[in-house]
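Q: sharing a model prediction with you, sequence too.
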Amino acid sequence: MDTQSANASPTGMVGRLRSRLRGLVGGSGEASVTRRLAGTIFIIRVISAVLAYCSQIVLARWMGGSDYGVYVYVWTWVLLLGSMMDFGISASAQKIIPEYRTRGEHALLRGFLSGSRWMTFAVSSAVSLGLAGIVKGLSPWIDANAIVPLYIGCLTLPAFVVANTQDGIARSHDWMRLGLMPQFIVRQSLIIGFTAGAFVLGFHLGATAAMLASAAAVWIAMIGQMIVLNRRLGGHIEPGAKAYDFRGWLAVSLPILLVESFYLLLSYTDVLVLQQFRSSEEVGVYFAVVKTLALVSFIHYAMSATTAHRFAEYHALGDKARLSAYVTHAIQWTFWPSLAATVALLALGKPLLWLFGPQFVVGYDIMFIAAVGLVVRSAIGPVERLLNMLGHQHICALAYALAFVMNVVLCVALVPRFGGHGAAAATSISLAFETVLLFWIVRRRLGLHVLAFGKR
């Protein structure tokens, strides 16, 4: 991956330390570039987490437990549906774009860069109208305080979907900051600014006002990202004819959509089931625990976002040795930082939860249960992206589907009796089951040992 000169081997403790630091932040090899890009993504996600954490803390304190629980419930639906309504284009862009570039199919590349966004916007808008109709039809059975926030959530979805698509396009060109900052930095900053402004001006900050602020933030961030992305693409790709292979794009994207959908369902099932069986206050406590542990997931996300398009590129070039070395590097840099972050978060869990409010500290012991699944999943790194990029989307989707079904069954069985503890246990068990399945699939299909430790 990276090569070092034998004559430049440093001596002494200080020299070795400097060399190690240079290896982490410098170098032009793939491993060094990956670490820098993953580090950029991780820093963006950490800053985003701080902003999101601040926004969740102030919202929880300003809105009160009940309104905050409603907001969390609606926003969870926006995150879940918005991440699935792009047909998997945001993930498949990291496979399609490198393949078009490698094969020199520039007309198809230009068509994908524009057509994919228009397609996802049109379909997500139609689906959002349908969802608004469903909310209206079910309004007699929905909590009255949640109806208007749900309508606002439907209005938010098209912008959320286009932003996801643009994120995938930007990451495929290694423009990590352009792909992630509008969603994770700009959006969170706007949410904090809008809600703080409403609070200072004396408006009642309930679930409706918080969702209005969130919807405005999503739309503004997406439009700004679109303007900058179009300018960057205009200077990077020569103008010319465009070809649109919608059927081919969907053939690649829909199986990946199944993988992403089941993963998202697996991620949000605990919150959604908890909402059905427990109070809004308990949902708010559990959500605070999940947000506190989000740092561990950011490491996995950073490596996934950085490596996916390179998996596709090396596979398209037929360079198996390079691909194998790159997979090993990605796994190592997912697991060990995740383990360290988990230990740190568990050590600081009580004061971090207290920031939400004294009543949120009761969720501290839930953190230990939820952390198990995250650490186990990190032990195999971003192998789901590896399978998707190498054409094994269907078997990967099956693994996630089985894990999702297990999570639903366990949540329904455990949440009514054990509440947040049961939701955390159900999710951790399901993540461990998913990890074992993915390890076995990669071992059988690709002949790779995708574990951070053990015999290779």
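A: Arrived safely, thanks for sending.
Q: helix/strand/coil for A403?
A: Under DSSP: H, G, I helix; E, B strand; the rest coil, A403 falls in the helix class.
Q: try G381
A: coil.
Q: tell me which residues touch it, please.
A: When contacts are counted by Cβ atoms under 8 Å, 6 or more residues apart in numbering, G381 is found next to 300, 303, 327, 330-335, 450, 452. Yep, even glycine has a C-beta here, placed from its N, CA and C like the rest.
Q: give the buried residues for stretch 192-204.
A: Residues of stretch 192-204 classed as buried: 192, 194-196, 198-199 (neighbour count, 16 or more other Cβ atoms under 10 Å).
Q: now do stretch 168-188
A: Across stretch 168-188, burial judged by 16+ other Cβ under 10 Å covers 168-176, 178-188.
Q: so how far is the helix or strand in which A132 is found from its chain's centroid?
A: Per DSSP states H and E: A132 is located in helix 106-138. Between the centre of helix 106-138 and the centre of its chain there are 20 Å (Cα atoms, centre = their mean, to the nearest Å).
Q: with stretch 412-431 instead?
A: Distance of stretch 412-431 from its chain centroid, counting by Cα atoms, centre = their mean, is 22 Å.
Q: measure H236 to W175 for me?
A: Computed with Cβ to Cβ, to the nearest Å, the distance linking H236 and W175 is 9 Å.
Q: ok, now I380?
A: From I380 across to W175, the span is 28 Å (Cβ to Cβ).
Q: same check, this time on S280
A: Distance, S280 to W175, using Cβ to Cβ: 40 Å.
Q: again with S214
A: For S214 relative to W175 (Cβ to Cβ), the value is 25 Å.
Q: how would you label the residue most central in space within the chain: helix, strand or coil?
A: By Cα atoms, centre = their mean, the chain has its centre lying nearest to Y301, at 5.9 Å. Applying three-state DSSP to Y301 yields a three-state assignment of helix.
Q: from what I can see it touches I44, true?
A: No - with contacts counted by Cβ atoms under 8 Å, Y301 stays clear of I44, the gap being 10.2 Å.
Q: contacts only, for the residue nearest to L402 when sequence neighbours are not counted.
A: Among residues not flanking L402 along the chain, L437 sits closest, at 6.7 Å (Cβ to Cβ, 6 or more residues apart in numbering). With contacts defined as Cβ under 8 Å, 6+ apart, L437 is in contact with 399, 402-403.
Q: quick one, which of these are buried?
A: When the contacts of L437 are checked against 16+ other Cβ under 10 Å, the ones flagged as buried are 399, 403.
Q: what is the nearest of the contacts of L437 to K136?
A: Using Cβ to Cβ, A403 comes nearest to K136 of those, at 33.8 Å.
Q: name the element the closest residue to that closest one other than its chain neighbours belongs to?
A: In space, and not counting its chain neighbours, A403 is closest to E434: 3.7 Å by Cβ to Cβ, 6+ apart. Taking DSSP H and E as the definition, E434 sits inside helix 420-446.
Q: re earlier: show me what the helix holding A132 is packed against.
A: Judged by 3 or more Cβ pairs under 8 Å, 6 or more residues apart in numbering; DSSP states H and E, helix 106-138 is in contact with helix 89-103, helix 144-172, helix 246-277.
Q: residues of the first one that come out buried?
A: Residues of helix 89-103 classed as buried under the neighbour-count rule (16+ other Cβ under 10 Å) are 89-101.
Q: got the residues you listed as a markdown table, with distance to W354 and pLDDT columns?
A: A markdown table is the format used below for the buried residues of helix 89-103 (distance: Cβ to Cβ, whole Å; pLDDT from 0 to 100):
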| residue | distance to W354 | pLDDT |
| --- | --- | --- |
| I89 | 41 | 90 |
| S90 | 36 | 87 |
| A91 | 37 | 83 |
| S92 | 42 | 87 |
| A93 | 41 | 89 |
| Q94 | 39 | 84 |
| K95 | 44 | 85 |
| I96 | 46 | 90 |
| I97 | 45 | 90 |
| P98 | 46 | 86 |
| E99 | 49 | 86 |
| Y100 | 51 | 90 |
| R101 | 50 | 86 |
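Q: related to what we said a few turns ago, which one of the contacts of L437 is nearest L59?
A: A403 (31.0 Å).
Q: ok, now how distant is that closest one from N164?
A: Counting by Cβ to Cβ, the gap from A403 to N164 is 22 Å.
Q: now swap in I57 and tell me
A: Taken as Cβ to Cβ, the span from I57 to N164 is 26 Å.
Q: just the helices from the stretch 251-400 of the chain, written as ranges.
A: With helices called from DSSP state H, counting those that start in this stretch, the stretch 251-400 of the chain shows them at 280-292, 294-317, 320-347, 349-354, 364-378, 383-389, 393-418.
Q: just put these in JSON lines and tack on mean pLDDT and distance to G133.
A: JSON lines is the format used below for the helices of the stretch 251-400 of the chain (pLDDT from 0 to 100; distance: least, Cβ to Cβ, whole Å):
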{"stretch": "helix 280-292", "mean pLDDT": "84", "distance to G133": "25"}
{"stretch": "helix 294-317", "mean pLDDT": "77", "distance to G133": "33"}
{"stretch": "helix 320-347", "mean pLDDT": "86", "distance to G133": "42"}
{"stretch": "helix 349-354", "mean pLDDT": "88", "distance to G133": "39"}
{"stretch": "helix 364-378", "mean pLDDT": "92", "distance to G133": "36"}
{"stretch": "helix 383-389", "mean pLDDT": "85", "distance to G133": "33"}
{"stretch": "helix 393-418", "mean pLDDT": "90", "distance to G133": "26"}
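Q: tell me which of those lies nearest to R232.
A: Among the helices of the stretch 251-400 of the chain, the nearest to R232 by Cβ to Cβ is helix 294-317 (16.1 Å).
Q: just the closest of the contacts of G381 to G373, please.
A: Distances from G373 to those, taken by Cβ to Cβ, are shortest for H300, at 11.7 Å.
Q: that closest one reaches A379, doesn't it?
A: No - contact criterion Cβ under 8 Å: H300 and A379 do not qualify, at 10.5 Å.
Q: which element is D86 on?
A: Using DSSP H and E, D86 sits in no helix or strand.
Q: now it: phi and psi?
A: With angles defined as degrees, to the nearest 10, D86 sits at phi -100, psi 10.
Q: count of residues packed around it?
A: Neighbour count of D86, defined by other Cβ atoms under 10 Å: 29.
Q: per-residue confidence at Q4?
A: pLDDT, Q4: 39.
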